[in-house]
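Asker: Show me how the following folds:
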Amino acid sequence: MNISFSNVEYSKHGREWIVGDDLSVVSKADLRWYYFLGRLSISVSGKEMGPPWGWVPLFDAFCCIQQVMIFAQGGDALGRIDFTENDEFISFEFEGDDLRVTPTYMEGQLFCSVADFVTAGSEFIRDELSTRVDAHPSLARNPSVRSLAMEVGLRLPGDSSEIS
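Answerer: Below is the predicted model:
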């Protein structure tokens, strides 16, 4: 499984483009809904299952993917990735030791192992969060971002302790 995020023309509508916006004080809800818009790609064995539109808020994707990771590992969480301002989603259901991945916006389904999804989800969050912090250093001081980084084992600038 591979999960990635890319900027598209619509990306320039995210609030991070507002001059002088200090991202260290942006609320978790605002980060989740209004910042860092782009195209989310989710593929299994080369088959793309990500949404066909390019205005997915990155932090919302982080939150949903984290919830699916918890669900996949037997935790009490929703096994689905929802999308902002529409009724579409990607459903994750157990099929033996695997996850059946079914989007509402296209026909078909894919299967991946729980381990593959958890690994892909963690790597996606670490890589994309690191990229955003490099481009917007004030994000590293945001408490919500710091918490998310700690959950996936990413050390941000200014961390005083090691993350294991």
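Asker: So the closest residue to residue 22 other than its chain neighbours: helix, strand or coil?
Answerer: Using Cβ to Cβ, 6 or more residues apart in numbering and skipping residues adjacent in sequence, the residue nearest residue 22 is residue 138, 5.5 Å away. Every residue, glycine included, has its C-beta placed from N, CA and C. Assigned with DSSP: H, G, I helix; E, B strand; the rest coil, residue 138 falls in the helix class.
Asker: How about the contacts made by the spatially most central residue of the chain?
Answerer: For the chain, residue 62 is the residue whose C-alpha lies nearest the centre (Cα atoms, centre = their mean; 2.5 Å). By Cβ atoms under 8 Å, 6 or more residues apart in numbering, the contact list for residue 62 reads 125, 128-129, 148.
Asker: What strand or helix carries it?
Answerer: Per DSSP states H and E, residue 62 falls inside helix 58-72.
Asker: buried stuff in whatever helix or strand comes next after that helix?
Answerer: Once helix 58-72 ends, the next helix or strand along the chain (criterion: DSSP H and E) is strand 80-82. Along strand 80-82, these residues count as buried under the neighbour rule (16 or more other Cβ atoms under 10 Å): 80-81.
Asker: Show me the contact partners of strand 80-82.
Answerer: Against strand 80-82 from outside (Cβ under 8 Å, 6+ apart): 42, 60-61, 64-65, 67-68, 88-92.
Asker: Would you reformat those as a markdown table and include pLDDT, distance to residue 21 and neighbour count?
Answerer: Converted to a markdown table, the contacts of strand 80-82 look like this (pLDDT from 0 to 100; distance: Cβ to Cβ, whole Å; neighbours: other Cβ atoms under 10 Å):
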| residue | pLDDT | distance to residue 21 | neighbour count |
| --- | --- | --- | --- |
| 42 | 95 | 29 | 25 |
| 60 | 94 | 18 | 22 |
| 61 | 95 | 20 | 27 |
| 64 | 94 | 24 | 22 |
| 65 | 96 | 25 | 22 |
| 67 | 94 | 27 | 19 |
| 68 | 96 | 30 | 23 |
| 88 | 94 | 29 | 16 |
| 89 | 95 | 30 | 17 |
| 90 | 95 | 30 | 24 |
| 91 | 96 | 35 | 16 |
| 92 | 96 | 34 | 22 |
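Asker: Out of these, which is nearest to residue 32?
Answerer: Residue 32 lies nearest to residue 60 out of those, by Cβ to Cβ, at 4.8 Å.
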